[in-house]
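Participant: what would the 3D arrangement of this be:
(one chain, ligands or ions: 2)
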Amino acid sequence: MSAQDILSLTPAGLYCAAGDFHIDAMRPVDRALVTHGHSDHARAGHRSVLATAQTLDIMDTRYGADFCHERQVAILGKPIRIGGVTVTFHPAGHVLGSAQITVEKNGFTVTVSGDYKRAHDPTCLPFEPVRSDAFVTEATFGLPVFHFPEARVEAQKLLASQALFPDRTHLVGAYALGKAQRVIRTLRDLGYERPIYLHGAMVRLCELYARLGVDLGPLVRVDPKERGRLGGEIVLSPPGALRDTWARKFPDPLTVAASGWMRVRARARLKGVELPLIVSDHSDWAQLCATVKDVGCSELWVTHGEADALVHWAEQQGIAARPLHMIGYGEEETEEALDEAA
Ligand SMILES: [Zn+2]
Ligand SMILES: [Zn+2]
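Facilitator: Ligands and ions are numbered 1, 2, ... in the order given. Below you'll find the model as predicted:
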């Protein structure tokens, strides 16, 4: 058996015929299994959605209660029989509720990782390697140049800058689901107790995280009329808002961005980012390679990103590797994402 006996690539995404479901379908389908709440994986309009309780809550928060007709909760580690296959969700370490999905048929296992990272993240469960015959991975940062430092080291740079420029507003561009909460929680772990100010587009998901048990400390929605008084404070906003007139009303704003792309200095300069923080919810090159080894797969499918280098590396390890070149994934850390509000 091989992975293609279980999964095939259709216009709506990865499809399992034996179970008649899609994983992270890109267009409305009858039955969708969803790895996590980012909009490129979790879309509204499916008839039924099977996902972790947190992912369902995130979809509800982003799309409204009618995002699908039927919800089914996947419990981590608990096998679910669907048609001719058995499906199990395992933590992916990417954002709150994120999961890998393992599909088993006649003893052959394929694990679809969704997005994942191996680095510490205080806002979600750590990635759990699942021994699998085939592994489906992303490769957003699949080049050896991508090496990510510890998030707390990067967050310390923000606090050091705040101490150095106590009158300037530190405007931090961070993706609204996952990144923002991870940055906030990391600052709290470093002992930062002052209120952290939020652009309106960040508020609902931060409230949801807090409701689901991720303590983010005191958060205050920015009152547009009060912006002039927020000198010296830390303000989080969607990356796109950093370039809006919204950002210009703060006292001498210092622009900060938290993204894996900040590893590329030219990109930070291009975006006018004064303080780039290399914080990613994706795996860097070393993590991707280590994970493929941990999973012990003999077959590797690469959904999107820098597929070529990873495919080449895998082949050198004796793993049959295949780039899928899927279009539509990878939104949350691409240019387009810089303009997404929530
Ligand atoms: Zn994601
Ligand atoms: Zn993604």
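
Participant: what sits up against the helix or strand bottoming out on mean pLDDT in the chain?
Facilitator: Ranked by mean pLDDT, DSSP states H and E, the weakest helix or strand in the chain is helix 265-270, scoring a mean of 85. Helix 265-270 is contacted from outside by 257, 261-262, 276, using Cβ atoms under 8 Å, 6 or more residues apart in numbering. Heads up, the C-betas are built off the backbone N, CA and C, glycines and all.

Participant: identify each buried residue in it, please.
Facilitator: Ala268 (16 or more other Cβ atoms under 10 Å).

Participant: and it, how far out from the chain's middle?
Facilitator: Computed by Cα atoms, centre = their mean, to the nearest Å, the chain-centroid distance of helix 265-270 equals 22 Å.

Participant: return the subset of the contacts of helix 265-270 lying in strands.
Facilitator: Assigned to strands by DSSP state E, the following of the contacts of helix 265-270 qualify: 257, 276.

Participant: nearest to Pro79, of the contacts of helix 265-270?
Facilitator: Each of these was scored against Pro79 by Cβ to Cβ, and Trp261 proved nearest at 37.6 Å.

Participant: I'd like to know how many residues surround that closest one.
Facilitator: When neighbours are defined as other Cβ atoms under 10 Å, Trp261 has 21 of them.

Participant: all helices for this protein, in order.
Facilitator: For the chain, helices defined by DSSP state H occupy the ranges 53-63, 151-164, 179-189, 200-211, 265-270, 285-295, 307-316.

Participant: and stretch 280-290, average pLDDT?
Facilitator: On average, the pLDDT along stretch 280-290 is 97.

Participant: can you point out the buried residues in that stretch?
Facilitator: Buried residues in stretch 280-290, counted by 16+ other Cβ under 10 Å: 280-285, 287-289.

Participant: same thing with stretch 177-184?
Facilitator: 177-184.

Participant: contacts for that stretch?
Facilitator: 37-38, 58, 62, 94-96, 121-124, 151, 155, 172, 174, 196, 198, 202, 205-206, 209, 214, 216-217, 219, 236, 258-259, 277, 279, 281, 332, 342.

Participant: so which of those residues reach ligand 1?
Facilitator: The subset of the contacts of stretch 177-184 within reach of ligand 1, by Cβ under 5 Å from the ion, is His38.

Participant: buried subset of the contacts of stretch 177-184?
Facilitator: 37-38, 58, 62, 94-96, 121, 123-124, 151, 155, 172, 174, 196, 198, 202, 205-206, 209, 214, 216, 219, 236, 258-259, 277, 279, 281, 332, 342.

Participant: one step back: pull the most distant pair out of the buried residues of stretch 280-290.
Facilitator: Farthest apart among these by Cβ to Cβ are Asp281 and Cys289. That separation is 18.2 Å.
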